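In: Sequence isn't available, so here's the structure alone:
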């Protein structure tokens with residue numbers, strides 16, 4: 001399947017630092033033969049080192065990922081635009097070329113507190129929830 005035939009999915013969260021970045025990587029790893037994943041934020045910041053670490057544990061390298069403003073994608077055609085946090089759902093711009101809008105809220109792991117291991121445990125849980133949802137929603141169809 002060529003990249004022109006692959007369906008395009010844009011994952012959006014507020015800071016494009018954890019959830020949407022992990023979702024992009026997971027989609028590429030789980031069913032990248034059928035989908036192209038992208039991610040952006042309504043208020044982009046930096047990719048979380050914790051997100052990079054927990055994704056690396058599954059063999060998915062996010063170290064080269066950059067936080068991007070979702071406005072960068074205005075005018076691009078997407079098959080699915082997916083907001084992965086409630087705040088982004090409220091502030092996500094309209095993408096005229098999008099065929100389908102979806103929302104699935106996930107806890108913001110960057111708001112976790114505690115020891116380093118407790119924080120990483122939250123990132124791992126959110127990663128695993130994203131993986132299960134992506135596989136069920138995109139890879140099994």
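Out: Nice, I can see it. Since we're looking at a predicted model, the values are computed, not measured.
In: what about the strands in the chain?
Out: Secondary structure of the chain (DSSP state E): strands located at 7-13, 35-41, 80-83, 101-103.
In: How far off centre is the second one?
Out: Remark: strand 35-41 is offset 6 Å from the chain centroid, using CA atoms, centre = their mean, to the nearest Å.
In: elements contacting it?
Out: The contact analysis (3 or more CB pairs under 8 Å, 6 or more residues apart in numbering; DSSP states H and E) places strand 35-41 against strand 7-13, helix 19-31. Bear in mind the C-beta positions are built from the backbone N, C-alpha and C, glycine included.
In: one step back: between the strands of the chain, which gets nearest to residue 19?
Out: When those are compared by CB to CB, strand 7-13 sits nearest residue 19, at 4.6 Å.
In: Buried residues, stretch 18-36. List them.
Out: 18-31, 35-36 (16 or more other CB atoms under 10 Å).
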